[in-house]
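Q: Dropping a prediction and its sequence here:
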Amino acid sequence: MTQTPTAHSPAQGQSRAQFTVPAAHPMVTVLGSGDVLLRVIEKAFPAADIHVRGNEISAIGDAREVALVRRLFDEMMLVLRTGQPMTEDAVERSIAMLRATENGEGDGPETPAEVLTQNILSSRGRTIRPKTLNQKRYVDAIDKHTIVFGIGPAGTGKTYLAMAKAVQALQAKQVSRIILTRPAVEAGERLGFLPGTLYDKIDPYLRPLYDALHDMLDPDSIPRLMAAGTIEVAPLAYMRGRAQPVFTNVLTPDGWRPIGDLEVGDLVIGSNGEPTPVLGVYPQGEKDIYRVTAQDGSWTLCCGEHLWTVRTASDRRRDKPWRVLETKEMIGNLRAAHARRYELPMLTAPVSFPEREIPMDPYALGLLLGDGCLTGSTTPSFATEDPELAEALEAVLPGVVLRHRGGPDYVLNRVKSPGDVITLENPVTRILRELDLLRSRSHSKFVPDDYLHNSADVRLAVLQGLLDSDGGPVVQTDRTCRIQYSTTSILLRDDVIALVQSLGGVAYTRRRAAEGRAPGRANGRDVVHNRDSHIVDIRLPEGIEPFRLARKRDKYLAAGGGGRPMRFIDSIEPAGREEAVCIQVAAEDSLYVTQDYLLTHNTLNDAFIILDEAQNTSAEQMKMFLTRLGFDSKIVVTGDVTQVDLPSGTKSGLRQVQDILEGLDDVHFSRLTTQDVVRHKLVGRIVDAYEKYDSQNGTENGTHKGARTKRK
């Protein structure tokens, strides 16, 4: 818009401005059909006399008013140049923004044109954009901050704009999923008494979110996105329940502990094998529980909403990131062309337990558990056809010498010094008694806890001793080398599996029944098998050396050595109903080690999460929700603190959180007012009228501290 000099001077104290509308813009786009826009402008600026002749517009009157009229037409022209039409509503909002700036109420550089031309999302022939200055600042805050609170009366577009930003982020692949949630306050604990299915019961409380989704996405794609878990819409009470039964074991630096015993600040083991603190513990009440079993036989229990990091073969081929799915999303979808669909992550490094003092060299213990005689009825002995192992054992047992009795048999004699009393106990016998291994036989041997939960070097040395004595490499064509171990002890079988899993490997076990097996041969005579044998097939990650014995080590390395151990979900089956709890950990990927060294988590990563109607959350619910924030995620919380439906005496979490988090880095509070209402104009007037009434009658918003007075 250009301003041209005028031929007639205005009266004293008045100003005059004249504008020429470029020929590219028909006057109807500036003045509106039937001059409806011009009438809006004239009504807003009664102190300015506005005239139109051809494509010339002039304004005479109060200098401040004329200046605002000039700025208004300038802004309108900027909007029209983008191809966006001007409407009555847009003109009224432009005037309001200009007046706010004139009165010193604006605190930023935004102009009406910048606000009205900011596009968020285009869908189905319509464009979603902010319509007021506060809305633009709200949208900009969502871009700049991880957690944003949109607080204001109904009709200000809080939820709708947040939904548009969520869809925009999903389409731009900034997040991998959208989670939309609302507290179903009226349903509350009474859901069971409402008619219909669970979906019928909760649908009315979620319907506004569904309606907004249908405005922004192809309706046909929404069921597909929801079925895939890309979009989740759920009441807050159901969204929060990513949980495991309270008795489920979780790995800590001190060993296994029930998840129900954990407290905030306790340490658990993360996917990198290192300790990570527990940030939150959230009891969930009774939940339907499922048993999730991997193909190697490992398993754990969790609820249907519990989260799992998984990927498919297609994800791996295309180098796509791991995805996060709920347990129930995978049920019935575990196979792809007869192959297991979902791969689970493995430990990226051996578990780092604190180092413990131990009375015997770990490699020596492994050898004795494999081929040692520990009955205590005779001097401890060791049997091997490999002199290399006998020499290695003697080298790490101070005060002991191995006496070869012939064939594979060696006796572990105490080294006597001049003046020793003959009754001094054999040091190996003393240590075995200390470890509670004395008098154990082949079917009752085990690895003591101080070795099972020790440093990675100690655990590997024990495993090497066991494999050098009772294990060996199994060469397979075109595959990395597998390791096989056998024992008649169920305890030792489980301990070997635990050692392998703690080092980042996988172990499969099967049983060979003693009954019906052909007898073995020893010293020219038959040896009957009295007990079942347990065969453990092992795969260890590259860089973990399972053997010290030269002939086994060389064969293992020649066959390609370790590879990439893999785990896949094999089955998910109902396992009853149990008291459950969920935890949040500080690990970057939110993973922690649960039973059988399975990696799982229940924090919301890589998601755009919207909590709507947040004024109806309790303080505890708000804390739970905010502390579930995962990495690469964004949270938008919307609500109206004047519309609280919580039971009397319950403090609104949205009211309280403003006192707690205001000013916290990367947390922003956007406050919208009746001036930002984008529904029918009457809505804003109604809200203003109620606020005036409350103020006059001493019932200001916070008086009830959690509930509106209800008529009886």
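A: Yep, that arrived.

Q: for the stretch 101-250 of the chain, what spans make up the strands?
A: Secondary structure of the stretch 101-250 of the chain by DSSP state E, counting those that start in this stretch: the strands cover 121-123, 126-128, 147-151, 177-182, 231-235, 244-245, 249-252.

Q: if I look at Arg553, how far off is Ile483?
A: In this structure, Arg553 and Ile483 are separated by 11 Å, where distance is defined by Cβ to Cβ, to the nearest Å. (Each C-beta comes from the backbone N, C-alpha and C, glycine too.)

Q: between these two, who's got more neighbours?
A: Ile483 (23 against 17; other Cβ atoms under 10 Å).

Q: Skip the chain neighbours and tell me the closest residue to that one.
A: By the measure of Cβ to Cβ, 6 or more residues apart in numbering, the closest residue to Ile483 outside its immediate chain neighbours is Ile538, 4.1 Å from it.

Q: How many residues are close by that neighbour?
A: For Ile538, the tally of surrounding residues (other Cβ under 10 Å) stands at 28.

Q: about what we covered before: take the strands of the stretch 101-250 of the chain and write them to a markdown table, including distance to Pro350, mean pLDDT and mean neighbour count.
A: Formatted as a markdown table, the entries for these read as follows, by distance: least, Cβ to Cβ, whole Å; pLDDT from 0 to 100; neighbours: other Cβ atoms under 10 Å:
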| stretch | distance to Pro350 | mean pLDDT | mean neighbour count |
| --- | --- | --- | --- |
| strand 121-123 | 47 | 70 | 15 |
| strand 126-128 | 50 | 77 | 15 |
| strand 147-151 | 36 | 94 | 25 |
| strand 177-182 | 32 | 85 | 23 |
| strand 231-235 | 35 | 75 | 20 |
| strand 244-245 | 24 | 93 | 26 |
| strand 249-252 | 12 | 96 | 22 |
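
Q: which stretch among those strands comes nearest Ala614?
A: Ala614 lies closest, by Cβ to Cβ, to one member of the strands of the stretch 101-250 of the chain: strand 147-151, at 7.7 Å.

Q: pull the CA atoms of that closest one into PDB?
A: Taking Å, rounded to 0.1, in the frame of the first residue of the first chain, the C-alpha atoms of strand 147-151 are listed here in PDB:
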ATOM      1  CA  ILE A 147       7.200 -29.100  27.300                       C
ATOM      2  CA  VAL A 148       4.500 -26.400  26.600                       C
ATOM      3  CA  PHE A 149       1.400 -25.700  28.600                       C
ATOM      4  CA  GLY A 150      -1.400 -24.000  26.700                       C
ATOM      5  CA  ILE A 151      -3.700 -22.500  29.300                       C
END
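
Q: and that strand, what other elements does it pack with?
A: Contacting strand 147-151 under the criterion 3 or more Cβ pairs under 8 Å, 6 or more residues apart in numbering; DSSP states H and E are the following elements: helix 133-144, helix 158-171, strand 634-639, helix 653-661, strand 667-671.

Q: contacts for the longest one?
A: Translated: helix 158-171. 120-121, 123, 128, 130, 135, 138-139, 142-143, 148, 150-152, 175-178, 180, 208-209, 212-213, 215-217, 230-231, 608, 610, 612, 634, 636, 638-639, 672 (Cβ atoms under 8 Å, 6 or more residues apart in numbering).

Q: Between the strands of the stretch 101-250 of the chain, which one is closest to Glu394.
A: Each of these was checked against Glu394 via Cβ to Cβ, and the shortest separation belongs to strand 249-252, namely 35.7 Å.

Q: After the closest one, which helix or strand is next?
A: Once the chain leaves strand 249-252, the next helix or strand it forms, by DSSP states H and E, is strand 255-258.

Q: Just checking: what are the partner strands of that next one?
A: According to DSSP bridges, strand 255-258 forms sheet pairs with strand 249-252 (antiparallel).

Q: after the strand or helix carrying Ser58 comes which helix or strand?
A: Secondary structure from DSSP H and E places Ser58 in strand 56-62. Heading C-terminal from strand 56-62, the first helix or strand you meet, by DSSP H and E, is helix 63-81.

Q: Buried ones in that next one, by neighbour count?
A: For helix 63-81, burial by neighbour count (16 or more other Cβ atoms under 10 Å) applies to 65-80.

Q: which residues sit against it?
A: Defining contact as Cβ under 8 Å, 6+ apart, one finds that helix 63-81 is touched by 1, 3, 13-17, 19, 21-22, 25, 29-30, 41, 45, 47-48, 50, 57, 59-60, 86, 90-91, 94-95, 98-99, 102, 111-113, 116-117.

Q: what about 6 Å?
A: Residues outside helix 63-81 that contact it (Cβ atoms under 6 Å, 6 or more residues apart in numbering) are 1, 15, 17, 19, 25, 29, 45, 47-48, 59, 86, 94, 98, 112-113, 116-117.

Q: okay, the angle between that helix and strand 56-62?
A: Counting by axes from the mean of the first three to the mean of the last three Cα atoms, to 10 degrees, helix 63-81 lies at 150 degrees to strand 56-62.

Q: okay, the helices and strands packed on strand 147-151, which one's buried deepest?
A: Burial of those is given as mean neighbour count (mean count of other Cβ atoms under 10 Å); strand 634-639 ranks first at a mean of 26.

Q: quick check: angle from that one to helix 653-661?
A: Regarding strand 634-639 and helix 653-661, their directions subtend 120 degrees when assessed with the same axes, to 10 degrees.

Q: Direction included, what does strand 634-639 pair against?
A: strand 147-151 (parallel), strand 607-611 (parallel).

Q: what's the first one in contact with?
A: Looking back up the chat, that one is strand 147-151. The contact list for strand 147-151, computed with Cβ under 6 Å, 6+ apart, reads 138, 141-142, 158, 635-638, 667-671.

Q: okay if I get those residues as a markdown table plus pLDDT and distance to Arg340?
A: Output for the contacts of strand 147-151, formatted as a markdown table (pLDDT from 0 to 100; distance: Cβ to Cβ, whole Å):
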| residue | pLDDT | distance to Arg340 |
| --- | --- | --- |
| Tyr138 | 92 | 45 |
| Ala141 | 92 | 44 |
| Ile142 | 93 | 39 |
| Lys158 | 90 | 44 |
| Ile635 | 93 | 34 |
| Val636 | 94 | 37 |
| Val637 | 94 | 39 |
| Thr638 | 93 | 41 |
| Val667 | 94 | 42 |
| His668 | 94 | 44 |
| Phe669 | 94 | 47 |
| Ser670 | 92 | 46 |
| Arg671 | 91 | 51 |
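
Q: Report the mean confidence score over the helix or strand containing Leu369.
A: Under the assignment given by DSSP H and E, the secondary-structure element containing Leu369 is helix 362-371. This predicted structure assigns helix 362-371 an average pLDDT of 96.

Q: ok, and for that helix, which residues are buried?
A: Under the neighbour-count criterion of 16+ other Cβ under 10 Å, helix 362-371 has 362-371 buried.

Q: just checking, Phe353 touches Leu452?
A: No - in terms of Cβ atoms under 6 Å, Phe353 does not count as a neighbour of Leu452; the distance is 8.8 Å.

Q: higher neighbour count, those two?
A: In terms of neighbours (other Cβ under 10 Å), Phe353 is the more surrounded of Phe353 and Leu452; the figures are 22 against 17.

Q: which residue sits closest to the more buried one, ignoring its sequence neighbours?
A: Leaving aside its sequence neighbours, Phe353 sits nearest to His453 (Cβ to Cβ, 6+ apart; 4.9 Å).

Q: for Ala294, same thing?
A: The shortest distance from Ala294 to any residue that is not its chain neighbour, by Cβ to Cβ, 6+ apart, is 4.7 Å, and that residue is Arg567.

Q: Can you give me the pLDDT of Arg242?
A: pLDDT for Arg242: 69.
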